[in-house]
Each structure stands twice: as structure tokens, then as C-alpha cells.
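Q: from the sequence below, what's the structure:
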Amino acid sequence: MSNPEHPTKTPGASASTWQTQPTYSNLGEVRAHLLPSKACRPRTSEPPSTEPQPLPPPLPKKTLTRTQSLPTNKAPSPSPARAGLPRKPLRGSCSVDESQAGGDRAGPACPPAELPFCSLDTELGLSLHDLHRPEAVHAALEALQLEGLRAVHARLHARLLGGRPGPCRPGHRFRLLDSSPCVESGDALYYRLVREDEEAWHLLAAKVPKPGAEEPNPWGLELQALLAPHFNLQGLCGLVPVGALPEAPWRGPVALAAEVPELTVAQWLVEAGAQPPGEFARAVALLLLQLSAALERLEARGAALAELRPENLLLVAPRGCATARPPRLLLADFGRLRQRPPGPPGVHARQLGRLLRELLGPGAPLATSLAAGLERLAAQLARTRPSAARTRGALQALLWGPGPELCGRGAPLRSWLRVRRALLVVHLAERAVGGEVPGLEDGLCCEYLAEATEASLDLALELLRD
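A: Numbering: from 1, shown residues only. Below you'll find the predicted structure:
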């Protein structure tokens with residue numbers, strides 16, 4: 001068998017990849033020398049002639065391409081068929097990439113864009129090219145965190161709000177649970193009752209006006225019926241029909257409230273005075289935050305509350321929580337609503353400032369940073385008269401940051417927001433693994449971080465800074 005000749009060196013090959021110049025074997029020529037030609041095969045049973053047979057003419061030389069050649073750095077080894085090994089199925093011709101020639105495994109020499117792992121990831125939305133760019137990875141993570149927070153907030157809000165009862169229908173039956181009111185507010189008495197039908201029952205509250213109370217403004221009551229459901233606005237679901245409860249201690253039709261109150265803010269203030277200063281200041285901030293959210297909705301509809309009174313602010317235990325702290329606040333004094341007069345947007349600012357000082361007054365000396373921030377906010381409410389939306393943003397910043405160290409122009413608010421969102425996601429995940437149920441404060445914090453922007457953070461810090 002003649003020795004194979006070296007083909008011409010392929011252009012572009014890296015000389016540093018191989019220690020010696022690789023040799024290439026012409027497989028067609030080798031096969032022709034190994035197998036006898038048809039003319040040499042015996043046709044009879046006579047023994048083959050001992051005379052030497054002429055060799056067949058050599059095959060024409062061919063210029064071998066890379067996909068038709070195999071590089072070898074050592075002497076050719078016996079083929080698997082001649083060594084008695086099973087023949088592997090053919091998988092098509094391929095060439096060895098110079099970058100992988102030194103390894104034991106050969107791979108296809110295809111460009112990176114054609115590799116399977118370079119396809120777009122359906123969950124991350126990143127390609128292999130994006131993974132090499134830190135700004136693309138950070139943007140993808142930021143978008144996923146924001147989307148996750150919004151989803152968590154939506155689920156928490158639905159669970160804390162609970163199933164809202166629909167409007168009353170003619171087939172509903174009513175049953176009074178208590179002959180005495182469960183809560184007495186400044187203008188109304190609330191009685192617990194059950195509304196039943198063939199499908200379900202709901203625990204509701206009959207809102208009975210107190211004798212001698214001020215006549216409610218019809219415009220405010222109409223607005224209450226038209227407003228979309230809100231977590232901090234009292235919802236109504238109809239009237240108790242006349243004669244449906246013969247044993248009821250009232251006369252005539254009364255409104256049905258979707259939530260049963262447990263106490264008023266005035267009553268809560270008497271009980272909460274014994275709390276530690278830090279807990280008391282945080283509870284006040286959470287209540288005022290919810291009240292600002294309710295007033296924000298009213299201001300958006302061109303309405304203003306004539307007077308904010310603690311005895312007309314109701315507190316309800318949030319549904320689906322292991323603990324009632326902090327309570328859910330409901331603004332129920334729609335009979336005192338008026339159309340907002342022209343002027344600055346902060347029509348409720350001074351009332352909020354007076355209420356905040358009233359809530360902080362009975363507590364022990366508040367030496368915490370949160371209490372100091374609330375005192376500063378109360379002064380700002382009276383001086384600058386911000387809107388309820390801006391007041392809510394300032395309360396959110398006091399509760400969950402950013403702190404005063406980030407006040408000032410050029411502060412890295414976006415970086416702080418990204419880190420804070422990531423920490424909240426990790427915090428909620430750790431508690432969920434431990435079996436802890438998220439509460440109302442978790443839902444409010446999720447709402448804050450899901451809505452916050454650099455501009456809103458800067459506006460809130462500006463109000464606290466002046």
C-alpha cells in the first residue's frame with residue numbers, strides 16, 4: 001500500500017494549534033489499495049495463480065476540502081471494522097474547529113449565532129449577545145422584579161379586600177345578629193347582619209343614621225354609589241328592605257355597608273396609647289397613609305371632605321391575615337362631601353396636618369426617626385398644602401425609604417429603587433417558605449415599590465426636605 005500524499009494546506013488554518021503539521025489520508029485511495037479489484041477475483045474453484053498480479057492504476061489525485069478530510073497527528077489506527085469492533089452509524093461529514101482540535105471531543109464549526117443555546121430565552125428575553133452586556137442583564141432583571149411585585153400586590157390586594165358582596169336582590173333574606181350596635185361612629189350606628197340566598201351568605205353592616213345627626217349631602221351619597229371599589233373607601237351594596245327585619249331597632253330603609261367596622265380611629269387612639277413609641281409612630285403613619293389614599297381618590301373626582309374627624313374614620317380587620325395589625329382604614333363620611341372649591345390641589349392638607357398632630361399628641365415622647373419625620377410632615381402640610389397624592393408619597397418614603405441621606409439632586413434614586421425591590425422580593429420569598437402569611441403592611445409596601453419612579457421619589461423627598 002502506497003503512502004498517502006499530503007494535500008495542500010487549507011488557507012486560514014492556525015499553525016500554532018498543532019505541534020506538527022497534520023497529515024491527511026485520502027480515504028478513497030486507501031480503500032482502493034485495500035480491496036482487490038474485480039479483475040483479480042477468482043471466477044472458478046481453481047487455486048489462485050501464484051504469479052504476481054499487476055497493481056491497478058492509481059486513482060486520480062483530488063484536492064480534498066476540509067469537510068472530506070480528517071486531520072491526524074499520528075499513524076492511522078486500524079479501522080473499527082477490521083479490529084472486530086461494531087461499526088458506528090455515519091452521521092455526515094464535518095470538520096474539526098481549530099479551537100477544539102486539542103481536545104478529545106470534536107464539535108461542529110458553526111458560528112455562535114447558530115448554536116442551540118444562543119436562541120432567545122422565552123422567560124428572560126435575552127440572547128447570548130445580551131448576556132455579554134451587563135446593562136441588558138440589569139434591565140431584564142429590573143423589568144422582571146417590577147412585574148413580580150405588581151403580581152404580588154394584585155394577589156395580596158384581592159385577598160385582603162376579600163370577596164365583595166354584590167347588590168341586593170329581591171330573593172335575599174336578612175338575619176340580624178346583634179340587637180346592639182357593634183360600632184358607634186360620630187354620625188351612624190352599625191349593626192351586624194347576614195344576607196342569605198340560595199348560593200351564599202355575606203356578613204354585612206346596617207348603617208343607621210344617629211338621631212339628631214346632620215342631614216347628609218345628597219351629592220356626596222350619590223358619589224359614594226358611583227365610585228369604583230377602593231380599599232380605603234366604604235362600599236355600599238344596597239338598602240335593607242322595609243319589613244325584612246321586624247326585630248330591628250330602627251325604622252325605615254337603611255344602607256348596607258359591605259364591611260363590618262370594629263372600632264373608630266378615636267377609639268383606637270385610646271387603646272394604642274400604651275404601645276411602645278416606635279410601634280405607635282409606625283401605626284399612625286400606616287393609618288394616615290391609607291387615609292391619604294382615600295382622599296386622593298376623592299380629590300381626583302373633584303370632591304372635598306368638610307371635616308376630618310377621628311370618630312368618623314372606621315377601622316376594619318383586613319381579611320386573610322393572621323393578625324389585625326395594622327388595621328384597614330375606611331373613609332365612610334360621604335355625607336360631609338362637597339364639591340372641591342377652586343384653588344390649590346391640597347384641599348385636605350391642613351386637615352391632615354391637624355389630624356396627624358392629634359394622633360401623635362397622646363403618645364409618649366417620640367424619639368424615633370419616623371416620629372421626627374411625621375412631625376416635619378405635619379409642619380409641611382400646614383405650610384405648603386400638598387395634594388393627598390404627594391402626601392401619600394411622603395408617608396411611603398418615611399415608612400420604607402429612601403432615607404434623608406438620599407435627599408438632594410443627583411441622588412442615585414433609581415439604583416436605590418432597584419435594590420429595594422430586589423430585597424422585598426427576597427424577603428417575601430423567605431417568609432413564604434416559612435409558611436408566614438403576608439399582611440396589610442406587605443401589601444402597602446408592594447404597592448409603593450410597584451408604583452414608585454425616580455420622579456415620584458424625588459418629589460416625596462423634596463416635601464420632607466424643605
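Q: ok, and the closest non-adjacent residue to the residue nearest the centre of the chain?
A: Among the residues of the chain, the one closest to the centroid is residue 148, at 1.6 Å (CA atoms, centre = their mean). Of all residues not flanking residue 148 in the chain, residue 425 sits nearest, at 5.9 Å (CB to CB, 6 or more residues apart in numbering). Just so you know, the C-beta spots here come from the backbone N, C-alpha and C atoms, and that holds for glycine as well.
Q: the one you found belongs to a strand, doesn't it?
A: No: counting by DSSP: H, G, I helix; E, B strand; the rest coil, residue 425 is not part of a strand but helix.
Q: element containing the residue nearest to the centre of the chain, please.
A: helix 134-161 (DSSP states H and E).
Q: packing partners of that helix?
A: helix 128-131, helix 413-433, helix 440-451 (3 or more CB pairs under 8 Å, 6 or more residues apart in numbering; DSSP states H and E).
Q: against which helices or strands is the helix or strand following it packed?
A: As assigned by DSSP H and E, the chain's next helix or strand after helix 134-161 is strand 173-176. On a contact count with 3+ CB pairs under 8 Å, 6+ apart, strand 173-176 meets strand 188-196.
Q: just checking: what are the partner strands of the next helix or strand after the strand it packs on?
A: Where DSSP H and E defines the elements, the next helix or strand beyond strand 188-196 is strand 201-209. Strand 201-209 sits in its sheet next to strand 188-196 (antiparallel), strand 254-257 (antiparallel), going by DSSP bridges.
Q: is it fair to say residue 315 lies in a strand?
A: Yes: membership of residue 315 in a strand is supported by three-state DSSP.
Q: let me see the ranges of the strands in the stretch 201-350 of the chain.
A: In the stretch 201-350 of the chain, the strands defined using DSSP state E, counting those that start in this stretch lie at 201-209, 236-240, 254-257, 263-264, 303-305, 313-316, 328-331, 337-339.
Q: residue 445 is nearest to which of these?
A: strand 328-331 (15.0 Å; CB to CB).
Q: hang on, residue 307 packs against residue 351?
A: Yes: look at residue 307 against residue 351 with CB atoms under 8 Å: they come within range, at 7.0 Å.
Q: so which of those two has more stuff around it?
A: Using other CB atoms under 10 Å as the criterion, residue 307 and residue 351 rank with residue 351 on top: 19 against 9.
Q: can you pull the pLDDT of the more buried one?
A: For residue 351, the pLDDT comes out at 95.
Q: I'd assumed residue 305 was in contact with it.
A: Yes: counting by CB under 8 Å, residue 351 touches residue 305, with 7.4 Å between them.
Q: next, count neighbours for the residue nearest to residue 148.
A: Neighbour tally, residue 425, other CB under 10 Å: 17.
Q: distance of it relative to residue 445?
A: Counting by CB to CB, to the nearest Å, the separation of residue 425 from residue 445 is 11 Å.
Q: ok, residue 290 next?
A: From residue 290 to residue 445 the distance is 13 Å (CB to CB).
Q: local confidence estimate at residue 218?
A: 91.
Q: contact partners for the nearest residue to residue 464 once chain neighbours are set aside?
A: Distances taken as CB to CB, 6+ apart place residue 394 nearest to residue 464, at 5.5 Å, with adjacent residues excluded. If a contact means CB atoms under 8 Å, 6 or more residues apart in numbering, then residue 394 has 377, 380, 386, 460, 463, 464 as its contacts.
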